[in-house]
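**Q** Dropping a prediction and its sequence here:
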Amino acid sequence: MASAAGFAAVFYSEPAVLGLLANVVSAFLLCLQNFAVAHTGLRPQGAEDILAGVHLILIGGFVQLLAGFLAFRKYDHLGGAAFLTFSALWSSYGATRIIVAAYPSLQNITLPSGNASHLLPTGMAHLSASHSAVAGLVAYISISFILSFCSATVNYIMPFIFGAIALALVFEAVALFGQWALIVSGVIELVIVMCGLYGAVALLFKGITQRYVLPGFGHPLFNVLLLGSAQKSSSKAIGEEKKKNTKYAEPMALGNICDTVSPFLFAFYFFGYMKNFCVGAAWISIISSCQLLSSFYSYLRGDVYYTTKFGVHSLYWLVMSWEEFTLTTFLGLSKAQESRLGMFGGWFFLATACMLFLMSTHKDTLEMLQNASFIILTTASIHQIPMPGAYLFLGAACSLCTALSMYATFASLINSIGEKALIPVGVQAMSSSALQTTLMAAKTCFTRSKNFPSGTSAEVPDALFYICNGLAAVSAIQGSFSDPSRQQLSIPSVLIPGAIMQLYVCRIQVQGGRRFGCILPFCYAAFWGAWTWLRFAGHLVNIGAGNSEGFTAGSIAFLVLNAFLIILASSFNVVLLCMTLAMELLTICFLLFTLENLPLPFEIVMLSIFGIICFYGATASLANCMFGKDLMMMGPPLFTAESSKDTEDPPPCICPKSHCTSGLRTIADLLNTGAVCGVPTDTVYALAASCKHPQAIEKVYRIKDRPQEKPICIFISNLDQLRAAAPPISPLLWEFMENVYPGGIGCIIKKGEWLKKLGVGAGYSRVGTQDSIMIRVPDLTVLVHLIDMTGPLAITSANPSGEVDSTHHDMVISRLGHKLEGVLCDGESDEVVASTVVNCTKIDESGITIVREGCIPAGKVMQIFESVKNRAV
């Protein structure tokens, strides 16, 4: 499909179509059931309710989950947070229906904690599903209203959909106790269906035509800037450097949403509204999985602080929920009180919360308040506090967390949409340099150097890796071998961080491409899984020290495996080496237990030492990775493996570094002689040819196998170059260009002889189409300097035609290096998609048209244009 100007319109998916349709189908299913119940007076039971629950999970949950993934990938802050939130909502509601249908005649009793045959009896206890569902629905109601308000700053279809979802949830909650509300809920759900279908169709047309065909999108109900002026006292304004990152949408809003829903449910439970936490555990497990996704997207954005914070919070909610599930469903409060006194995992959570608070002192006040509330919450959850008082303390702490997280959700959404600190979040308590000096205090005493080091070997997932192992170790401390209640209560706090969460760490280590990094968490996940199975769940499945020959053989095998891990760890740092050595001793403890010859005090000491090592490793890794400097000592590697450079294959072309002036001159000289080179841009890597050499531009087409009908654009270094060429451009277009240049937006304008004054010489007929040309001013200093040395450059993405864009110079070299004369090496690109292309040839008559949506969202472009147009009027 081509535009009138001849530029190819690239189809970019509209994930909101998928998200809206998932909400439509889910709402329609509930609508049909509500009208049927209101008509017959019979609620769905058994298989009917299970099927409804499965449909809600598959369509409202998994399909909308995919929409959320794609929305994050399109840098859609609101869409990513909203669709993943509603995915958790429909999944939770579906899970509730399945649980209620599977156990219809339950009466709030508790199960015996003996053999595993008691785990899933046919007459299981009543789960207070209605009360649990109400607690969850009320939490999502408040979040839905926030999403509805925030979406009004983007378009005027989603506010009605999200608002209708909130109202429908209100009457769904009322309908759990009175059938009269089913009719009202059904009517509102029909509104969701109609608005959602219209919105999906409108966005589908927009995705196909690359322009807004139906009204409702592209224009907000009100301008987000009306909510306030940018806060001059924001953390960014007073010294905190934040690199622009538009590869993925900001996940902070999603993480805050999860920190709103989870404590909201717990507050209902701790204040006595819910008697059993089975349904609550299902709701929190689902929303905690979403919080894990916010941690993952923080990792993809290279943000170690939020990767760790959201990972820790997700871990905390999961451990707490399944501990309370075990307590209320299998043990009973009276029986567990004494057993809880010997559990110490809460202390590690408290230490971790204090660490996060320290690391947030150079961020805004709201972030510090959230971390302070988390300290209060982890203090309240220490097991040595008597349960009646602890539950009231926990309920108050959860209420505080909910209130702060709800405000943080609103602030992070509005500030992300407006790309300014419109909603106040407070100032920094400490400057970044002051915090670095504080963290470096111990190292200064040992090294006598006050200079900040440069560079670090710490990686983003390292802190979470240490936290998972440390929490599992401290939670594994047991005062005796003969307390089955304590053992059963300890299962979640060892299994979830030690095995399940550590597999997540393994996943992101693999994502980062670290060969050794993913081996450790995978092996240690297996270790803690085996520890939990034998030491804590053994009495449930009739396995003990006397009949554990398989575990004996496995522990011997792990001793040998961990010996190799020790050797590998010695090439990284001392902290990791100490950790692997301590793990070797813990494996010996495990082996001695299987042989019925374990000295319990020795195991307690080793678990404590292992936990201390992990806590220091987490603190140092987080601090060092946050600031990109080795502020806290991790110790040098005992030995390093040196590789011979003589065996490396030479690159297929000249590959100078971008930070060297000589490298820039080398590429400029090549381009000026008619060569084609790979260069970095402010989006993805590109192929560049001088506009003075038409044969070089022709070579670009051959290198890429690019169809001749696809035109090539030009890059200039600044807008003053364009003014000097005096093109016939209207004042409105000049104003629009001044607002989008430099940046990731390319403007298609009318072509003319003025291009030759710009410096486009013999290549005039090879760039653009016969009537139009796309011009862009990149927001990358290196490329701007290069253009100043060569004149305007003909630019197209550095990838074979039809394949994905190149986001690192290594990709350009490996894919096209043998066809190029040179590649300017600048590391990883700032984006993973190309620029947004806007047709401005008829800007005065009919406005602008989005030809291709890239790194800058179409809604943002239209918002800029409307602002420029209104000022011009």
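**A** Perfect, I can see it now.
**Q** mind listing what Leu591 touches?
**A** By CB atoms under 8 Å, 6 or more residues apart in numbering, the residues touching Leu591 are 552, 555-556, 559. Glycine gets a C-beta too; all of them are placed from N, C-alpha and C.
**Q** For the spatially closest residue to Arg211 that is not a sequence neighbour, what are phi and psi?
**A** In space, and not counting its chain neighbours, Arg211 is closest to Thr849: 5.2 Å by CB to CB, 6 or more residues apart in numbering. Per-residue torsions, Thr849: phi -130, psi 130 (degrees, to the nearest 10).
**Q** and what of the one 5 residues further on?
**A** In terms of degrees, to the nearest 10, the main-chain angles of Gly854 are phi -120, psi -130.
**Q** What separation is there between it and Val868?
**A** Applying CB to CB, to the nearest Å, the value for Gly854 to Val868 is 20 Å.
**Q** related to what we said a few turns ago, hey, what's the residue nearest to Arg211 bridged with?
**A** Thr849 has these beta-bridge partners by DSSP bridges: Asn839.
**Q** Show the pLDDT at it.
**A** Reading off the confidence values, Thr849 has pLDDT 87.
**Q** related to what we said a few turns ago, okay, Gly854 and Val868: which has more neighbours?
**A** Each of Gly854 and Val868 has its neighbours counted (other CB atoms under 10 Å); Gly854 has more, 26 against 21.
**Q** could you show me where the helices are in the stretch 101-250 of the chain, in order?
**A** For the stretch 101-250 of the chain, helices defined by DSSP state H, counting those that start in this stretch occupy the ranges 129-151, 158-175, 181-209.
**Q** Equivalent analysis for the stretch 601-750 of the chain, please.
**A** Assigned by DSSP H, counting those that start in this stretch, the helices in the stretch 601-750 of the chain fall at 661-672, 694-704, 719-725, 731-740.
**Q** picking up where we left off before, just the buried residues out of the contacts of Leu591, in PyMOL syntax.
**A** Buried subset of those, written as a PyMOL selection, criterion 16 or more other CB atoms under 10 Å:
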select buried, resi 552+555
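**Q** need the contacts of Leu591 in CSV with pLDDT, can you?
**A** Listed next are the contacts of Leu591 as CSV, based on pLDDT from 0 to 100:
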residue, pLDDT
Thr552, 92
Ser555, 93
Ile556, 95
Leu559, 95
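**Q** can you redo the contacts of Leu591 as a markdown table with distance to Thr807?
**A** Formatted as a markdown table, the contacts of Leu591 follow (distance: CB to CB, whole Å):
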| residue | distance to Thr807 |
| --- | --- |
| Thr552 | 49 |
| Ser555 | 44 |
| Ile556 | 45 |
| Leu559 | 42 |
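**Q** Widest-spaced pair of the contacts of Leu591?
**A** Maximum pairwise distance among the contacts of Leu591 (CB to CB): 11.1 Å, between Thr552 and Leu559.
**Q** circling back to that earlier point, how deep is the residue nearest to Arg211 tucked in, by neighbour count?
**A** By other CB under 10 Å, neighbour count at Thr849 equals 21.
**Q** these two touch, right, it and Ile843?
**A** No. In this structure, Thr849 is not within contact of Ile843 by CB atoms under 8 Å, at 9.3 Å.
**Q** Phe264 contacts Val138, doesn't it?
**A** Yes. The pair Phe264 / Val138 is scored as a contact, 7.0 Å apart, by CB under 8 Å.
**Q** Counting neighbours, go ahead and name the busier of those two.
**A** Phe264 (26 against 16).
**Q** Could you look up the SS state of the more buried one?
**A** Counting by DSSP: H, G, I helix; E, B strand; the rest coil, the backbone at Phe264 sits in helix.
**Q** Work out for me the element the most centrally placed residue in the chain sits within.
**A** With distances taken as CA atoms, centre = their mean, Tyr297 lies nearest the centre of the chain, 2.1 Å away. Using DSSP states H and E, the element containing Tyr297 is helix 278-300.
**Q** next one: whichever helix or strand comes after that helix to chain centre, how far?
**A** Once the chain leaves helix 278-300, the next helix or strand it forms, by DSSP H and E, is helix 304-326. Centroid displacement of helix 304-326 relative to its chain, using CA atoms, centre = their mean, to the nearest Å, is 15 Å.
**Q** thinking again about what came up before, just send the helices of the stretch 101-250 of the chain back as JSON lines, with distance to Phe602 and mean pLDDT too.
**A** Supplementary listing: these in JSON lines, determined by distance: least, CB to CB, whole Å; pLDDT from 0 to 100:
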{"stretch": "helix 129-151", "distance to Phe602": "43", "mean pLDDT": "89"}
{"stretch": "helix 158-175", "distance to Phe602": "53", "mean pLDDT": "93"}
{"stretch": "helix 181-209", "distance to Phe602": "61", "mean pLDDT": "91"}
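**Q** now the residue located most distally from the centre of the chain: how far from Cys747?
**A** Distance from the C-alpha centroid of the chain peaks at Glu753, with 48.6 Å (CA atoms, centre = their mean). Going from Glu753 to Cys747 by CB to CB gives 19 Å.
**Q** now Ser548, nearest residue through space, not along the chain?
**A** Per CB to CB, 6+ apart, closest to Ser548 is Thr594, 4.6 Å.
**Q** burial measure for the one you found, as a count.
**A** Thr594: 22 neighbours (other CB under 10 Å).
**Q** residues contacting it?
**A** Per CB under 8 Å, 6+ apart, neighbours of Thr594: 534, 545, 548-549, 551-552, 555.
**Q** Please, which helix or strand holds Cys555?
**A** For the record, residue 555 is Ser, not Cys. For Ser555, the host element (DSSP H and E) is helix 549-569.
**Q** helices or strands next to that helix in the packing?
**A** Helices and strands touching helix 549-569, by 3 or more CB pairs under 8 Å, 6 or more residues apart in numbering; DSSP states H and E, are helix 519-531, helix 574-594.
**Q** Give the buried residues for it.
**A** Neighbour-count burial for helix 549-569, counted by 16+ other CB under 10 Å, picks out 551-552, 554-555, 558, 562, 565-566, 568-569.
**Q** same check, this time on stretch 270-281
**A** 270, 274, 276-281.
**Q** Tell me where the chain has strands.
**A** Secondary structure of the chain by DSSP state E: the strands cover 677-679, 686-690, 713-715, 745-750, 772-776, 793-797, 822-823, 836-839, 849-852.
**Q** Turn the ones you listed into CSV, columns for distance to Arg211.
**A** CSV is the format used below for these (distance: least, CB to CB, whole Å):
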stretch, distance to Arg211
strand 677-679, 31
strand 686-690, 26
strand 713-715, 20
strand 745-750, 13
strand 772-776, 17
strand 793-797, 23
strand 822-823, 36
strand 836-839, 9
strand 849-852, 5
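**Q** And these: which comes nearest His313?
**A** Closest to His313 of the strands of the chain is strand 836-839 (CB to CB; 34.6 Å).
**Q** which outside residues touch the closest one?
**A** With CB under 8 Å, 6+ apart as the contact definition, strand 836-839 has outside contacts at 3-5, 7, 740, 744-748, 774, 848-858, 861.
**Q** Produce a PyMOL select command limited to the buried residues of the residues you listed.
**A** Selecting only the buried entries of these in PyMOL, with 16+ other CB under 10 Å as the criterion:
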select buried, resi 3+5+7+740+744+745+746+747+748+774+848+849+850+851+852+853+854+855+856+857+858+861
